[in-house]
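S.K.: Sequence plus the predicted model coming up.
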Amino acid sequence: MAEQATGLTAEGFDFIPMDRAMTAEKIDRPALSFRQDAWRRLKKNKGALVSFWILIIVFLFAFLSVPYANPKTTSHQDVMQQNLPPKLPGNIPGLRGETVVDGEKIDAYADAGLPKDVYHPFGTDEFGRDLFKRVLYGTRVSLEVALIAALIDLVIGITFGMISGWMGGRVDLVMQRIIEIVSSIPNLVVFVLLILIMKPGMFSIALGIALTSWVTMARLVRADVLSAKEQDYISAARTLGSSSWWIGLKHLLPNMSSTIIVQLMFTIPSAIFFEALLSYMGLGIPVPMASLGTLLNDGQKVFQFYPYQLIIPAIVLSVIMIAFNLLGDGLRDAFDPRTRD
């Protein structure tokens with residue numbers, strides 16, 4: 001009677017074989033950790049992936065060229081090789097070492113009486129210094145300043161943000177007012193004060209950048225700590241008697257790694273740009289050291305006659321800035337759980 005009431009009979013059901021049942025319960029996708037899943041999604045972002053490899057190449061060229069591009073080789077002057085255009089081996093258009101004199105193209109290297117085996121891929125400046133070596137050295141200096149600033153930014157920003165978010169109450173209130181005071185001081189004022197106190201150089205520039213850029217990192221870390229300290233795993237760690245420092249290093253810091261890495265990818269290009277700006281204004285890296293900013297400053301003086309001296313370092317700086325920003329955007333999307341597919 002029940003079968004007639006429902007319209008269901010035994011003949012209307014099919015038994016699933018055991019092998020099909022096991023296949024239906026099998027997980028098609030392999031189990032991935034958070035970092036593996038983030039790397040998988042990062043590889044799908046072509047712009048971020050290309051930027052990643054571009055930055056790898058830039059770092060390798062900059063830091064492996066120390067024997068080739070160092071303070072001694074980059075400051076070597078040769079009055080016989082002043083303002084030579086770029087030249088490479090082979091008959092490559094635009095890289096033949098040709099220049100225009102009285103409306104006619106001539107071989108600037110032969111006109112200067114140089115041997116045929118002398119090449120300058122980026123040309124030379126008004127003192128006969130090789131621009132390729134100076135760009136390599138200047139890129140390395142700019143990256144070193146940015147990395148030092150980023151390291152100081154990490155130490156101050158993470159420590160300040162974690163203490164502020166974890167302590168809460170009046171401590172958090174006072175520390176946030178400190179952040180507001182620091183944020184209200186212009187970066188240039190802080191840097192000029194450091195120049196008056198310290199000797200101008202790489203460390204003073206990096207310190208000046210870091211003393212004003214850690215504010216954003218501290219705010220982001222504080223927000224993550226305020227959210228994470230209410231989670232169950234933090235309560236369990238407290239119940240087990242873990243100290244605040246142990247909870248911060250063991251639980252909070254690893255869970256904030258994505259936020260820290262993404263912010264770091266935006267901090268480094270900002271530091272590179274600020275260093276280039278200061279050096280361009282004559283307040284940064286002192287002579288005879290070179291950075292991308294000092295190369296831009298030298299190139300703009302002779303841009304009308306020798307545009308390559310400004311265009312080449314400008315392209316290098318632009319490529320580094322764009323690559324870091326695209327990589328930062330890609331990392332932000334890769335670490336965002338809402339973008340999981």
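M.R.: Perfect, thanks for sending it. Residues are numbered from 1 along each chain as shown.

S.K.: contacts, neighbours, all on C-alpha from now
M.R.: OK.

S.K.: Quick check: next helix or strand after the lengthiest helix in the chain?
M.R.: Scanning the chain for the helix with the most residues, using DSSP state H, yields helix 131-167. Note on helix 131-167: by DSSP states H and E, the next helix or strand toward the C-terminus is helix 169-184.

S.K.: okay, the angle between that following helix and helix 131-167?
M.R.: Between helix 169-184 and helix 131-167, the angle comes out at 150 degrees (axes from the mean of the first three to the mean of the last three Cα atoms, to 10 degrees).

S.K.: What residues sit buried inside the helix or strand that helix 169-184 is followed by?
M.R.: From helix 169-184 onward toward the C-terminus, using DSSP H and E, the following helix or strand is helix 187-197. Buried residues in helix 187-197, defined by neighbour count with 16 or more other Cα atoms under 10 Å: N187, V190, F191, L194, I195.

S.K.: now those residues in CSV, with pLDDT and distance to V287?
M.R.: Shown next, in CSV, are the buried residues of helix 187-197 (pLDDT from 0 to 100; distance: Cα to Cα, whole Å):
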residue, pLDDT, distance to V287
N187, 77, 23
V190, 80, 22
F191, 77, 18
L194, 80, 18
I195, 75, 15
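
S.K.: where's T159 relative to G165, distance?
M.R.: Using Cα to Cα, to the nearest Å, T159 is found at 10 Å from G165.

S.K.: and those two? which has more neighbours close in?
M.R.: G165 (25 against 16; other Cα atoms under 10 Å).

S.K.: where along the chain do the strands fall?
M.R.: 98-101, 104-107 (DSSP state E).

S.K.: which regions of this structure sit below the pLDDT cut-off?
M.R.: Scanning the chain for pLDDT under 70 picks out 1-8, 10-35, 102, 336-341.

S.K.: hmm, back to that, I'd like to know which of the strands of the chain is closest to A38.
M.R.: strand 98-101 (49.0 Å; Cα to Cα).

S.K.: Could you list the paired strands of that closest one along with their orientation?
M.R.: strand 104-107 (antiparallel) (DSSP bridges).

S.K.: what does the partner strand rub up against?
M.R.: R96, G97, E98, T99, V100 (Cα atoms under 8 Å, 6 or more residues apart in numbering).

S.K.: mind saving the C-alpha coords of it as CSV?
M.R.: What follows is strand 104-107, C-alpha atoms only, in CSV (Å, rounded to 0.1, in the frame of the first residue of the first chain):
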residue,chain,number,x,y,z
GLU,A,104,74.8,63.5,-41.8
LYS,A,105,75.1,60.3,-39.9
ILE,A,106,78.6,59.4,-38.8
ASP,A,107,80.2,56.7,-36.7
